[in-house]
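*Asks:* below is the structure, and that's it, no one-letter string:
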């Protein structure tokens, strides 16, 4: 099946919130996702299957700096290239906005995500001790220079 990453709409948010709850120990609420969707300094991209979101990525930007928040794919759709598609489209849109870099945090034990980010030339630039809770874990900070 051919997938496409597109801007999320209000109609997508309930399913995005469901995926958020499946994927994260401290998920964003539906209200937080609504605020993020309305925020003019950010975006949520999603991929649909039969008009239902199956994955999404969030990003905020300030001046020429981009910050990726969450990247998540519904468990039953993993290992199909959806996260890579989302990341690729987010990078393209960040370049169109003239951003200098994208940065993100990832759990240091999340080897599949780290590997994916490295395939897109994100580099490890630091570590934040005890960044995550539930469970407590360090974050690896990764950055992709766009210029």
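*Replies:* Cool, the structure landed. Because the structure is predicted, anything quoted here is derived from the model rather than measured.
*Asks:* what about residue 111, neighbour count?
*Replies:* Residue 111 has 10 neighbours, counted by other Cβ atoms under 10 Å. Every residue, glycine included, has its C-beta placed from N, CA and C.
*Asks:* now the longest helix along the chain, how far from the centre of its chain.
*Replies:* The longest helix of the chain (DSSP state H) is helix 82-96. Centroid separation for helix 82-96 versus its chain: 9 Å, with Cα atoms, centre = their mean, to the nearest Å.
*Asks:* helices and strands around it, which ones?
*Replies:* strand 5-7, strand 42-49, strand 52-62, strand 65-73, strand 101-107, helix 111-119 (3 or more Cβ pairs under 8 Å, 6 or more residues apart in numbering; DSSP states H and E).
*Asks:* what angle do strand 101-107 and that helix make with each other?
*Replies:* Relative orientation of helix 82-96 and strand 101-107, computed by axes from the mean of the first three to the mean of the last three Cα atoms, to 10 degrees: 150 degrees.
*Asks:* quick one: buried residues of helix 82-96?
*Replies:* Under the neighbour-count criterion of 16 or more other Cβ atoms under 10 Å, helix 82-96 has 82-83, 85-87, 89-91, 93-94 buried.
*Asks:* now tell me what touches that helix from outside.
*Replies:* Helix 82-96 is contacted by residues 3-5, 43, 45-47, 54-57, 59, 61, 66, 68, 71, 73, 102, 113, 116-117, 119-120, 144, 146 when judged by Cβ atoms under 8 Å, 6 or more residues apart in numbering.
*Asks:* what's the PyMOL syntax to select whichever of these are buried?
*Replies:* Remark: buried members of the contacts of helix 82-96, expressed as a PyMOL selection using 16+ other Cβ under 10 Å:
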select buried, resi 3+5+43+45+46+47+54+55+56+57+59+61+66+68+71+73+102+113+116+117+144+146
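*Asks:* quick one: mean pLDDT for the helix or strand harbouring residue 129?
*Replies:* Counting by DSSP states H and E, the element that carries residue 129 is strand 123-132. Mean pLDDT, strand 123-132: 94.
*Asks:* what residues of that strand count as buried?
*Replies:* The neighbour-count check on strand 123-132 (16+ other Cβ under 10 Å) flags 131-132 as buried.
*Asks:* how far away is residue 96 from residue 123?
*Replies:* Residue 96 sits 22 Å away from residue 123, going by Cβ to Cβ, to the nearest Å.
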